[in-house]
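Asker: Compute the structure for the input listed below.
(one chain, ligands or ions: 1)
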Amino acid sequence: MTIGHPLLSVENLTMQFGGLRAIENLSMLAHAAQVTSVIGPNGAGKTTFFNCLTGFYRPTRGALTLSHPKRGELRLDAMRSVDVARTAQVVRTFQNIRLFPRMTVLENLMVAQHNTLQRASRFSIAGALNLASYRRASEQAIDNALTWLGRLGVRDVAEKAAGDMPYGVQRRVEIARAMCAGPILLCLDEPAAGLNPRESAELTELLRSLAKEQGIGILLIEHDMSVVMKVSDHIVVLNHGKKIAEGCPAEIKANPDVVSAYLGEDDDSYTDEPMPHERSAHA
Ligand SMILES: Nc1ncnc2c1ncn2[C@@H]1O[C@H](COP(=O)(O)OP(=O)(O)OP(=O)(O)O)[C@@H](O)[C@H]1O
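Answerer: Prediction:
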């Protein structure tokens, strides 16, 4: 995948609920190998944007176009959510953790690969007969799951019940599960919510390296500005459904409209210690 390639193009997106316009005429781009954050106060329309993007809502107006490296231009606004994930490879996580708590961590990641396994089982005949092709596909799915758990630093909990894991571990398992589905665009809705400062800093490093190493685009909704300002290549700011600013973190921090609508004059929570990647870049 080309680095910096425009992966997602949002044009004049509007989402109306009766008399309420949750998103108004939003246009923006997200690129491969970059982290694009969407920030703004509560009720600004961030989750509604993700819901439009991932087929949960049909937008009132506008176009959401994904440039898929193999399948060409795909109009996400016309696709069902199952096809957004399966065909367009746009995968999301949710604000509240949605793991199956009684299943093991590994089983949760196997469920995410259900479609691949279903195809390999030829919708159950090969699966029922335990044919070699199906066995191979299941082994590959387990390998894939363990690889992603390892990459997210949680492989040692593969056999534990997901619901028994600490919150920070569950957040990582969710990202591993999303990665198992092979996204080219990964949409994360508040992945740092509930994490302590150390876990948030580690998550920041992890998301940056995932985007750069895998060449995937990451779209991030996040209220933790210490994460947003360090992880983002580009930031889009919404207020009452409208884009009020976009730019790199330095531009957003200095934008007076963003400061008055969202960041606040005294918020210095994002000016703490540099991240390890920033330190090494200047070493
Ligand atoms: N299904 C719906 N029906 C009616 N109104 C909705 C619906 N979904 C969202 N809204 C409204 O749209 C507006 C934007 O909500 P949204 O959840 O997208 O905001 P948000 O920026 O994600 O907020 P938060 O940071 O609190 O998660 C809100 O006024 C919300 O009440």
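Asker: Get me the contact residues on the stretch 51-200 of the chain for the ligand.
Answerer: Nowhere does the stretch 51-200 of the chain come near the ligand, counting by Cβ under 6 Å from any ligand atom. C-beta here means a position set from N, CA and C on the backbone, and glycine is covered the same way.
Asker: how about the helices in the stretch 51-200 of the chain?
Answerer: Assigned by DSSP state H, counting those that start in this stretch, the stretch 51-200 of the chain shows helices spanning 81-86, 105-111, 114-120, 125-128, 132-151, 167-180, 197-214.
Asker: and residue 31, how many residues sit next to it?
Answerer: By the criterion of other Cβ atoms under 10 Å, residue 31 has 18 neighbours.
Asker: pretty sure it is touching residue 218, no?
Answerer: No. Using Cβ atoms under 8 Å, residue 31 is not in contact with residue 218; the gap is 10.0 Å.
Asker: Might you report the residue contacts of residue 107?
Answerer: Going by Cβ atoms under 8 Å, 6 or more residues apart in numbering, residue 107 touches residue 100.
Asker: and it, how far is that from the ligand?
Answerer: Residue 107 is 29 Å from the ligand, where distance means Cβ to the nearest ligand atom, to the nearest Å.
Asker: Please apply the same query to residue 259.
Answerer: 18 Å.
Asker: still on that earlier bit, what would the helices of the stretch 51-200 of the chain look like in CSV with mean pLDDT?
Answerer: Listed next are the helices of the stretch 51-200 of the chain as CSV, based on pLDDT from 0 to 100:
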stretch, mean pLDDT
helix 81-86, 92
helix 105-111, 92
helix 114-120, 60
helix 125-128, 54
helix 132-151, 84
helix 167-180, 93
helix 197-214, 94
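Asker: nearest to residue 157, of those helices?
Answerer: Nearest to residue 157 among the helices of the stretch 51-200 of the chain is helix 105-111; the distance by Cβ to Cβ comes to 5.2 Å.
Asker: how about TSV for the helices of the stretch 51-200 of the chain, with distance to residue 222 added?
Answerer: TSV is the format used below for the helices of the stretch 51-200 of the chain (distance: least, Cβ to Cβ, whole Å):
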stretch	distance to residue 222
helix 81-86	21
helix 105-111	23
helix 114-120	29
helix 125-128	40
helix 132-151	21
helix 167-180	12
helix 197-214	9
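Asker: Just give me the neighbour total for the residue in the stretch 51-200 of the chain positioned nearest to the ligand.
Answerer: Here the residue of the stretch 51-200 of the chain nearest the ligand is residue 95; by Cβ to the nearest ligand atom that distance is 6.4 Å. Residue 95 has 14 neighbours, counted by other Cβ under 10 Å.
Asker: Also residue 188?
Answerer: 25.
Asker: Which segments of the chain make up each domain?
Answerer: 1-89+183-283, 99-180 (automatic domain parsing).
Asker: Flag whichever of those domains has the least confidence on average.
Answerer: Here the lowest mean pLDDT among the domains of the chain goes to domain 99-180, at a mean of 83.
Asker: Just the terminal-to-terminal distance for that domain.
Answerer: For domain 99-180, the first-to-last residue distance is 14 Å (Cα to Cα, to the nearest Å).
Asker: roughly how far out does that domain sit from the chain middle?
Answerer: 18 Å (Cα atoms, centre = their mean, to the nearest Å).
Asker: Kindly report the same for stretch 46-56.
Answerer: For stretch 46-56, the distance to the chain centre is 12 Å (Cα atoms, centre = their mean).
Asker: contacting residues around that stretch?
Answerer: 8, 10, 13, 15, 22-23, 26, 38-40, 57-59, 64, 76-77, 79-85, 90, 92, 95, 187, 189, 219, 221, 238, 241.
Asker: in it, what counts as buried?
Answerer: 46, 47, 48, 49, 50, 51, 52, 53, 54, 55 (16 or more other Cβ atoms under 10 Å).
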